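# Coordinates only, no sequence provided:
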């Protein structure tokens, strides 16, 4: 059988719509020409004439490519074909999932119609970039051109919140989240609102995020070119503040860090704040706590502490019923004495509370001594810098890695509740992006806790307050469903094969689910409401230091200091609402 030849294709053509497989308005296949190729994630367009209408252009993304010998019957025929004994034709078929039909006449591409790789304006139209008034660059596509997300789905205008999933240490979730924040702040999409846009970042993995304002020593011309292709400057964060817990057993209030020697403030809560703000509930932050009866004791004791505690004016110590308490240990001992004394038990725990319930409360309260005694204090000189605040810098990093898990829960819950209350009091205005790693630890699918309630509140009404949650987790299947479902932007890096099969990743086509199990670091799949197919992106290496060994040695200079002052001067409420 003579070798079949493929007609010469136009310069931009890659093949023709296949006629041996069904072509639908939502999916079609392209036979790739011999001198061309199509790879996964390529953007393809084809045009057909429709009577009475202008030509209909169907655009799509390649979601699968397969190659086979046409004319072979058995697997062993490949050897005969390679030796020239058996005639056959190699044919590659690309499966294309439709992203856009323009005009909206949903007719199938006709077999034999030319298909071409989309570039320039055609690519922008196929991926709806032409309809995005405010675009945020999230990386480069497989074709080397920028990929964007619509800011309207990030700033609360039409949606908000970001969910990032992937294997720890491989999926680069934190790196991508920081790059996304950097692109939002510096890419120009926010306009003047960038001055009042803030980020609150909780760091739980080492001191890697304490150098965001340091240039990366690996920054070279190639990396600068990668950022330039995204219309971004390759530079560290210009306005950043850092908080870390105080060093244990150190009465000087020195922050507990080793790599960075300056620019980090120690944070803690005074005993008076603990009592007056009723922070006791955040001590019991395990997800199953709300299902136990001793939660009524928590609220009774917290209310009693609020009424009785008097500030002594001495490092945050409190006086309760004539006793001066200077440490968290003293406070726990005092509460224990009141609940075990038959004369005071009724007043502190409630009139109908049983001894077993009180003992269950006390066991859990005493177990918090070691985790919390470092960050709940009445024996340190009070300084304004100890209060975690996002007001004086654009990016605020709260380092938690040196704290036990229970203390980490306490800090996240208290800080989030405080920032939510502050934003609610300020009214609609500037944006606050809250980045939380290991979200499944704070908002698990099962159970209830004060922290989970705060996160649910942010997920369900946070965008009306200008609070946007950027959550990262290894397993989205273990995060509260309402938080994941309220995330307009869903991002996936490298996934465990078992996790990839969960229904939470139903937005990924089968081919992308398979690819997610072998994605290399730096490759992410980005899903957004306007585009029916998630887009694969590669984001550039951080221009800021991600560890001490990468630090160029000095933070952003006077320009960064000037910007920090600008952030401090501009009140959030002055910013026009984003919706």
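Thanks, I have the structure now. All figures in this text were calculated on a predicted structure; none of them were measured in a lab.
# tell me the SS of the most centrally placed residue in the chain?
Compute the mean C-alpha point of the chain, and by Cα atoms, centre = their mean the closest residue is residue 470, 3.4 Å away. At residue 470 the chain is in strand, as set by DSSP: H, G, I helix; E, B strand; the rest coil.
# now it: how far from residue 19?
46 Å (Cβ to Cβ, to the nearest Å). Any C-beta I mention is one placed from the backbone N, CA and C, and that applies to glycine too.
# How about residue 483?
For residue 483, the distance to residue 19 - Cβ to Cβ - is 47 Å.
# Looking only at neighbour counts, state which of the two leads.
The neighbour count for residue 483 versus residue 19, taken as other Cβ atoms under 10 Å, is higher for residue 483 (25 against 13).
# Enumerate every residue touching that one.
161, 163, 439, 443, 455, 456, 459, 469, 471 (Cβ atoms under 8 Å, 6 or more residues apart in numbering).
# Same check on residue 163?
471, 473, 476, 479, 483, 484, 487, 489, 490, 491.
# before we move on, what about residue 223?
234, 540, 541, 543.
# a helix runs through it, doesn't it?
Yes - using three-state DSSP, the assignment for residue 223 is a helix.
# how near is the nearest residue to residue 317 once chain neighbours are set aside to residue 420?
Closest residue in space to residue 317, ignoring its immediate chain neighbours: residue 378 at 3.7 Å, by Cβ to Cβ, 6 or more residues apart in numbering. In this view, residue 378 and residue 420 are 26 Å apart by Cβ to Cβ.
# follow-up on the earlier one: reformat the contacts of residue 483 as TSV; add secondary structure and pLDDT.
Below are the contacts of residue 483 laid out as TSV (DSSP: H, G, I helix; E, B strand; the rest coil; pLDDT from 0 to 100):
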residue	secondary structure	pLDDT
161	coil	95
163	strand	95
439	helix	91
443	coil	89
455	helix	92
456	helix	92
459	helix	92
469	strand	95
471	strand	94
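# re earlier: ChimeraX command to pick out the buried ones of the contacts of residue 223?
Buried subset of these, written as a ChimeraX selection, criterion 16 or more other Cβ atoms under 10 Å:
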select :234,540,541,543
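# nearest to residue 307, of the contacts of residue 223?
Of all the contacts of residue 223, residue 307 sits closest to residue 543, with 52.0 Å by Cβ to Cβ.
# Got phi/psi on the closest one?
phi -80, psi -10 (degrees, to the nearest 10).
# so what's it closest to, chain neighbours aside?
Distances taken as Cβ to Cβ, 6+ apart put residue 234 closest to residue 543, at 4.2 Å, once the chain neighbours are dropped.
# Settle this for me: the one you found is touching residue 224, isn't it.
Yes - contact criterion Cβ atoms under 8 Å: residue 234 and residue 224 qualify, at 4.4 Å.
# Residue 125 - that's part of a helix, no?
Yes - the assignment for residue 125 is a helix, going by three-state DSSP.
# Identify the residues contacting residue 282.
Residue 282 sits in contact with 409, 410, 413, 414, 417, 450, 451, where contact means Cβ under 8 Å, 6+ apart.
# Look up how far residue 391 lies from residue 327.
Taken as Cβ to Cβ, the span from residue 327 to residue 391 is 29 Å.
# Give me the distance between the two termini of stretch 323-330.
Stretch 323-330 has its terminal residues 10 Å apart, counting by Cα to Cα, to the nearest Å.
# Where does pLDDT dip in the protein?
1-11, 171, 286-292, 352, 428, 553-579 (pLDDT under 70).
# go with 80
1-12, 169-171, 285-294, 313-315, 351-353, 426-429, 447-448, 553-579 (pLDDT under 80).
# Could you pick out the longest helix of it?
helix 405-426 (DSSP state H).
# tell me which residues in it are buried?
Going by neighbour count (16+ other Cβ under 10 Å), the buried part of helix 405-426 is 406-420, 423, 426.
# list the helices and strands that helix packs on?
Under the contact definition 3 or more Cβ pairs under 8 Å, 6 or more residues apart in numbering; DSSP states H and E, helix 405-426 sits against strand 198-203, helix 369-372, strand 432-436, helix 439-442, helix 450-465, strand 467-473.
# Centre of the chain to that helix, how far?
18 Å (Cα atoms, centre = their mean, to the nearest Å).
# Could you do stretch 145-155 as well?
Centre to centre, stretch against its chain (Cα atoms, centre = their mean), the figure for stretch 145-155 is 14 Å.
# thinking again about what came up before, what two of the contacts of residue 483 have the greatest distance between them?
Most distant of these, by Cβ to Cβ, are 163 and 456, 14.1 Å apart.
# count of neighbours near the nearest residue to residue 19 once chain neighbours are set aside?
Residue nearest to residue 19 in three dimensions, not counting chain neighbours: residue 111, with 3.1 Å by Cβ to Cβ, 6+ apart. When neighbours are counted by other Cβ under 10 Å, residue 111 registers 16.
# cool, residue 162 as well?
25.
# Please look at it and residue 473 and confirm they touch.
No - look at residue 162 against residue 473 with Cβ under 8 Å: they stay out of range, at 11.6 Å.
# how close does the residue nearest to residue 19 get to residue 59?
Distance from residue 111 to residue 59, by Cβ to Cβ: 18 Å.
# rewinding a little: show me what contacts the residue nearest to residue 19?
16, 17, 18, 19, 23.
# rerun at 10 Å
Contact analysis of residue 111 by Cβ atoms under 10 Å, 6 or more residues apart in numbering lists 16, 17, 18, 19, 20, 21, 22, 23, 28, 29, 31.
# Residue 528 now?
Residue 528 makes contacts with 127-128, 132, 138, 147-150, 152-154, 159, 162, 488-491, 534-535, as judged by Cβ under 10 Å, 6+ apart.
# Which ones among those residues map onto strands?
Applying DSSP state E to those, the entries found in strands are 138, 147, 148, 149, 150, 162, 489, 490, 491, 534, 535.
# hang on, isn't the third one packed against residue 133?
No - at 11.2 Å, residue 148 and residue 133 do not qualify as touching, with contact defined as Cβ atoms under 10 Å.
# Those two: who's more crowded?
residue 148 (25 against 9).
# quick one: that one from residue 136, how far?
Separation of residue 148 from residue 136 (Cβ to Cβ): 6 Å.
# what touches both of these two?
Listed as contacting both residue 148 and residue 136 by Cβ under 10 Å, 6+ apart are 183, 187, 189, 230.
# tell me which of those residues is nearest to residue 319?
Nearest member of the shared contacts of residue 148 and residue 136 to residue 319, counting by Cβ to Cβ, is residue 183, at 50.8 Å.
# I'd say the closest one and residue 232 touch.
Yes - at 6.2 Å, residue 183 counts as touching residue 232 under the criterion of Cβ under 10 Å.
# For the two, indicate the residue with more neighbours.
Between residue 183 and residue 232, residue 183 has the larger neighbour count (other Cβ under 10 Å), namely 23 against 20.
# for the more buried one, what are its contacts?
Here residue 183 is in contact with 135-139, 148-149, 189, 227, 230-232, 539 (Cβ under 10 Å, 6+ apart).
# and what of residue 261?
Contacts of residue 261 (Cβ under 10 Å, 6+ apart): residue 255.
# Tell me how far it lies from residue 215.
Distance of residue 261 to residue 215, given as Cβ to Cβ: 18 Å.
# and if you look at residue 376?
37 Å.
# Of these two, which one has the most company?
Between residue 376 and residue 215, counted using other Cβ under 10 Å, the more crowded position is residue 376 (26 against 20).
# hang on, the earlier thing: helix or strand for the residue nearest to residue 19, which one?
Counting by DSSP states H and E, no helix or strand carries residue 111.
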